[in-house]
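Colleague: Fold the stuff below for me.
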Amino acid sequence: MEALKQAVLRYADAHADADGIARTPVPGLRMMRVRAPTGPMRSVYRPLVCLILQGAKQMTVGGERRLFRAGQSAMVGVDVPVIGQIVEAGRDAPYLAVAIELDMAILHDVALRTSAGPPPGHAGTARVFADDLDDTIVSCAARLMRLLEHPGAEPIVRPAVLQELHYWLLASRHGHELRRLSLPNGQARRIAAAVELVRQEFRQPLPVERLAAVASMSPSAFRRHFKATTSLAPLQLQKQLRLIEARRLMMTQGWTASRAAAEVGYVSVPQFTREYRRMFGAPPRRDAIAAAVA
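Modeller: Predicted coordinates:
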């Protein structure tokens, strides 16, 4: 794991943004390097596995709060809003993590090709799982990291590594939960289709009837299952995506608050300011100025 830590640290030191996030040209692969504890930060996770390599992070999903430490992985099985807070990090020992997004098509294919009984019944929807890191998962992450130095190999190597990664995740102690989430006509997959539409068109008005049709549910059933799965109502998720994108535009592109508000779909700047303050704890102008000074 030490070699993976050093590779993540080198890349993140060169490419991390103001929040410590380093995105990469390898689809679905990103890193995080933070040198001091942080306040809560909101984001909306796609299904992923996150390898905690150093330090510790607290994650709150719905009403559930979990602490993940070095040597553990956090597995997110559905699209969910997450409040993350780095609680253990220092200049000489920064918080380090590498995240790999899951591919539900690959997960379903691998689940079909591996021998296992049907997923056991379950009354609720699990959102986040914790496990200890093992060499199989670390090896997959390290090979995806190598593609940053060999981009020409990505079309051949990445699909094979992802298949192996999904296999080991399905073979883990939480594999039965992932099998349930991968069912093509299951509730989680149908809600995921609606979430993807919200992600793609969050700038536009989205009637709940349209989202319910995508999920093949009645509007009342859709509202109930959507909140049970993501912990938010559809319009609340849309609002969070708008505000998160507006913050990104101000912090990384240097946009003004009013320009960012209009870009993400707000007609009223005062409304944008109120909702931004409520979500991030300060007005958007503060982040816009901080980004300009940095």
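
Colleague: Now for the closest residue to L67 other than its chain neighbours: which residues touch it?
Modeller: Leaving aside its chain neighbours, L67 sits nearest to Q58 (5.1 Å; criterion: C-beta to C-beta, 6 or more residues apart in numbering). Where you see a C-beta, it was placed from the backbone N, CA and C, and this is true even at glycine. Shown in contact with Q58 (C-beta atoms under 8 Å, 6 or more residues apart in numbering): R65, R66, L67, F68, G84, Q85, V87.

Colleague: These in strands, which ones?
Modeller: Applying DSSP state E to the contacts of Q58, the entries found in strands are R65, R66, L67, F68, G84, Q85, V87.

Colleague: which residues does the residue lying closest to the first one once chain neighbours are set aside bridge with?
Modeller: Using C-beta to C-beta, 6+ apart and skipping residues adjacent in sequence, the residue nearest R65 is Q58, 6.5 Å away. With DSSP bridges applied, the residues forming beta bridges to Q58 are L67, Q85.

Colleague: element containing L237, please.
Modeller: L237 is located in helix 234-253, with elements delineated by DSSP states H and E.

Colleague: residues in contact with A171?
Modeller: A171 makes contact with T114, according to C-beta under 8 Å, 6+ apart.

Colleague: Could you pull out the helices in the stretch 1-150 of the chain for me?
Modeller: Assigned by DSSP state H, counting those that start in this stretch, the helices in the stretch 1-150 of the chain fall at 2-15, 104-113, 135-146.

Colleague: Mean pLDDT lowest where, among those helices?
Modeller: Across the helices of the stretch 1-150 of the chain, helix 104-113 has the smallest mean pLDDT, namely a mean of 90.

Colleague: what are the bridge partners for the most centrally placed residue in the chain, then?
Modeller: Central residue of the chain (C-alpha atoms, centre = their mean): Y45, 2.3 Å from the mean position. Assessed by DSSP bridges, Y45 has beta-bridge partners V80.

Colleague: Give me the pLDDT for it.
Modeller: Here, the pLDDT recorded for Y45 equals 91.

Colleague: list the contacts for G28?
Modeller: Residues near G28 by C-beta under 8 Å, 6+ apart: L48, I100, E101, D103.

Colleague: quick one: it and A99, what's the gap?
Modeller: Relative to A99, G28 is positioned 8 Å away (C-beta to C-beta, to the nearest Å).

Colleague: shared neighbours, those two?
Modeller: L48.

Colleague: thinking again about what came up before, for S268, find the nearest of the helices of the stretch 1-150 of the chain.
Modeller: Closest to S268 of the helices of the stretch 1-150 of the chain, according to C-beta to C-beta: helix 2-15, at 35.5 Å.

Colleague: now the angle from that closest one to helix 135-146?
Modeller: 40 degrees (axes from the mean of the first three to the mean of the last three C-alpha atoms, to 10 degrees).

Colleague: Show me what counts as buried in helix 2-15.
Modeller: Residues L4, K5, A7, V8, L9, Y11, A12 are the ones in helix 2-15 that count as buried (16 or more other C-beta atoms under 10 Å).

Colleague: Would you convert those residues into a markdown table that also reports distance to Q72?
Modeller: Converted to a markdown table, the buried residues of helix 2-15 look like this (distance: C-beta to C-beta, whole Å):
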| residue | distance to Q72 |
| --- | --- |
| L4 | 14 |
| K5 | 14 |
| A7 | 19 |
| V8 | 15 |
| L9 | 18 |
| Y11 | 21 |
| A12 | 19 |
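
Colleague: Can you pick out the most distant pair from the residues you listed?
Modeller: Largest separation among the buried residues of helix 2-15 by C-beta to C-beta: L4 and A12, giving 12.1 Å.

Colleague: Map the structural domains onto the sequence of the protein.
Modeller: Partitioning the chain according to automatic domain parsing yields domains covering residues 2-181, 185-231, 236-293.

Colleague: before we move on, back to that, top of the contacts of G28 by neighbour count?
Modeller: Within the contacts of G28, most neighbours by other C-beta atoms under 10 Å means I100, with 24 neighbours.

Colleague: Quick check, it in contact with V26.
Modeller: No: distance between I100 and V26: 9.2 Å, which falls outside the contact criterion (C-beta atoms under 8 Å).

Colleague: Now the common contact residues for those two.
Modeller: L144.

Colleague: before we move on, the earlier item: quick one: buried ones out of the contacts of Q58?
Modeller: For those, buried by 16+ other C-beta under 10 Å: F68, G84, Q85.
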